[in-house]
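*Asks:* this is the structure alone, sequence omitted:
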C-alpha cells in the first residue's frame with residue numbers, strides 16, 4: 001500500500017478479519033438466564049427473593065431519611081421562641097386541664113422529650129411522663145434505617161384509671177414507620193409493650209379495653225377471592241383494628257380489607273391512590289349506649305373507623321364484622337373521626353377545605369342522613385387563619401360536645417374552637433428554644449399530635465384534683 005493509501009497494481013486487497021460473535025452470544029445468554037431465573041424467583045418464591053425483599057425494605061427506609069431535623073421537629077426558625085406560647089382568645093375558652101402528647105423537653109424529662117404532660121390553660125406544666133425510649137426500643141431488629149431510640153416518638157395517647165398511659169409509637173427515618181403500642185405507669189416504667197405495628201390514634205373504652213389501628217405487612221395481589229389486583233410491587237400495608245385488654249394481652253384483631261370485601265365493597269379497594277397502603281386506618285372510636293340511641297341500628301360497642309385512602313368513615317359491628325353505615329367522599333384524606341354526644345361525627349378533614357382559608361377544615365358528619373357541615377374555619381375564625389395541615393392531626397370534642405381541641409400537626413399548634421360558631425377560643429404553640437447557631441438563637445417547632453381534655457376521674461388518679 002502506498003503512502004496515499006492506494007493499492008499498487010497487481011497487488012490483491014487485504015482480506016477483512018471475520019467477527020467473532022461467541023463472546024457476545026455468551027454474555028447475552030447469561031443475561032437471559034438471569035432474567036428468567038429472576039422471573040421464576042419472583043413467581044415461585046425461589047431464593048434469593050426473601051433477601052431481596054429485605055434489601056428493598058431497607059432501601060425504602062434509607063430513602064426516607066432526613067437528618068436535617070431532630071425527631072418530632074418540623075421547622076427551626078432563626079429567632080428566639082416566643083415568650084408567650086399560650087393565648088386565650090375568648091372568655092368562653094375552657095378551663096379544663098389538658099393532656100398533651102410528646103411535649104418538648106422544658107427541663108422536665110431529661111434525656112428525651114416527654115412522653116406527655118399535663119398543663120393548665122396558662123401553659124404551666126403540672127406533671128410529665130418521661131419517655132422510656134431506651135427501654136422500649138433498645139432491641140429493634142425488625143426495623144431498618146436509622147434505628148436508635150431517639151428515632152421513635154409517641155403519637156396516639158390515652159389514660160387508664162390508675163393514671164398510666166397507653167401510647168402508640170411511630171418512627172422517623174425507619175421502616176416500617178408504624179411501630180407498636182405500650183403501657184407506661186405514672187413514673188415512666190414500661191408495664192407492657194407490643195412492637196406489632198399498632199399506630200395512629202387509639203380509643204380506650206369504659207372497661208379499659210384499648211382499640212388501636214394495626215398494620216400487618218405482607219405481600220398481597222388480591223384481597224381474598226376478589227379479582228381486584230393490588231398494584232404494589234412489594235409489601236402491602238394491610239390494616240385492621242386490634243383490641244387489647246388492660247394487661248396487654250390481645251383479645252382479637254379485625255382486618256378491614258377482608259371485611260370491606262366480605263360486606264360487598266370491592267370498589268373501595270380498587271379506587272385507592274396508593275395500592276401499597278390501601279386503607280391507612282388512622283383512628284378508632286366506640287359507640288356508647290347514649291350515642292347508640294341517636295343512630296338507628298347502632299349498638300353499644302360498635303366501632304367508628306377512619307380510612308384515609310377511601311376518604312371514608314365506617315360504623316362496624318366488631319362481633320359480626322357487619323358494616324352498618326359508611327360515609328364516603330364527604331372529606332378528603334381525613335384523620336381522627338370522633339363521636340359527639342349526639343351521635344354525629346367530628347373529623348379533621350385534611351384536604352377537603354377551601355384553599356382561600358388554608359385548605360383544611362373540621363367537618364361534622366351525620367351518619368344517619370349523610371349530611372356534612374364545616375364547623376371550622378368559618379367567618380368567625382379569622383384570628384387563626386390560614387388553617388392547613390396536609391396530613392395527620394386530631395380533633396377531640398369536649399365532654400359536653402360544645403367545644404373541640406384541634407391538634408394541627410404540621411402547624412405545631414393546638415386550637416380550641418366553639419363548635420356552634422367556629423370561633424377560636426384558645427391556642428398553644430408547640431415550641432421551645434433549641435440553642436443557638438453561630439451565636440444566634442433558634443426556636444424549634446414540634447409536631448402537634450394530640451391534646452385531650454382531662455376528666456375529674458383522671459385528675460383524681462393523678463392527684464391533681
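*Replies:* On my side now, so go ahead. No experiment lies behind these values; they were computed from the predicted model shown.
*Asks:* which ones are touching residue 275?
*Replies:* 230-232, 236 (CB atoms under 8 Å, 6 or more residues apart in numbering). All C-beta spots, glycine's among them, are computed from the backbone N, C-alpha and C.
*Asks:* the bottom helix or strand of this protein by mean pLDDT?
*Replies:* The helix or strand of the chain with the poorest confidence is helix 49-63; it has a mean of 45 (mean pLDDT, DSSP states H and E).
*Asks:* can I assume residue 247 is in contact with residue 192?
*Replies:* Yes - contact criterion CB atoms under 8 Å: residue 247 and residue 192 qualify, at 7.1 Å.
*Asks:* more crowded one of those two?
*Replies:* With neighbours defined as other CB atoms under 10 Å, residue 247 and residue 192 compare such that residue 192 has more, 14 against 9.
*Asks:* quick one, what contacts that one?
*Replies:* The contact partners of residue 192, taken as CB under 8 Å, 6+ apart, are 182-183, 247-248.
*Asks:* repeat for residue 221
*Replies:* Going by CB under 8 Å, 6+ apart, residue 221 touches 229-230.
*Asks:* residue 430 and residue 219, how far apart?
*Replies:* As defined by CB to CB, to the nearest Å, residue 430 lies at a distance of 38 Å from residue 219.
*Asks:* which of the two has more neighbours?
*Replies:* Neighbours around residue 430 and residue 219, counted as other CB under 10 Å, are more numerous at residue 430. The numbers are 27 against 14.
*Asks:* got phi/psi on the more buried one?
*Replies:* Dihedral pair for residue 430: phi -100, psi 90, per degrees, to the nearest 10.
*Asks:* just to revisit the earlier point, what packs against the helix or strand following the least confident helix or strand of the chain?
*Replies:* Going down the chain from helix 49-63, the next helix or strand is strand 73-77, by DSSP states H and E. Judged by 3 or more CB pairs under 8 Å, 6 or more residues apart in numbering; DSSP states H and E, strand 73-77 is in contact with strand 440-446.
*Asks:* which residues does the strand it packs on contact?
*Replies:* Taking CB under 8 Å, 6+ apart as the rule, strand 440-446 contacts 70, 72-82, 102, 104, 113, 412, 429-436.
*Asks:* which outside residues touch whichever helix or strand comes after that strand?
*Replies:* Following strand 440-446 in sequence order, the next helix or strand is strand 451-453 (DSSP H and E). Residues outside strand 451-453 that contact it (CB under 8 Å, 6+ apart) are 94, 96, 98-101, 157, 159, 394, 396, 398-399, 405, 407, 414, 428.
*Asks:* paired strands for strand 451-453, with orientation please.
*Replies:* strand 98-101 (antiparallel) (DSSP bridges).
*Asks:* show me how far the partner strand is from its chain's centre.
*Replies:* 18 Å (CA atoms, centre = their mean, to the nearest Å).
*Asks:* which helices and strands does the next helix or strand after it pack with?
*Replies:* The helix or strand immediately downstream of strand 98-101 is strand 116-119, counting by DSSP H and E. Strand 116-119 sits against strand 98-101, strand 125-129, with contacts defined as 3+ CB pairs under 8 Å, 6+ apart.
*Asks:* look up how far residue 430 lies from residue 92.
*Replies:* Going from residue 92 to residue 430 by CB to CB gives 23 Å.
*Asks:* what bridges to the nearest residue to residue 263 once chain neighbours are set aside?
*Replies:* Nearest non-adjacent residue to residue 263, counting by CB to CB, 6 or more residues apart in numbering: residue 323, 4.4 Å away. For residue 323, the residues forming beta bridges with it (DSSP bridges) are residue 316.
*Asks:* residue 323 against residue 261, yeah?
*Replies:* No - applying CB under 8 Å as the test, residue 323 and residue 261 come out as separate, 10.9 Å apart.
*Asks:* on that earlier part again, what subset of the contacts of residue 275 is buried?
*Replies:* For these, a burial check counting by 16 or more other CB atoms under 10 Å picks out 230, 232, 236.
*Asks:* give the contact list for the residue nearest to the spatial centre of the chain.
*Replies:* When CA atoms, centre = their mean is applied to the chain, the residue found nearest the centroid is residue 200 (4.6 Å). By CB under 8 Å, 6+ apart, the residues touching residue 200 are 155-156, 168, 178, 212-213, 281-283, 335.
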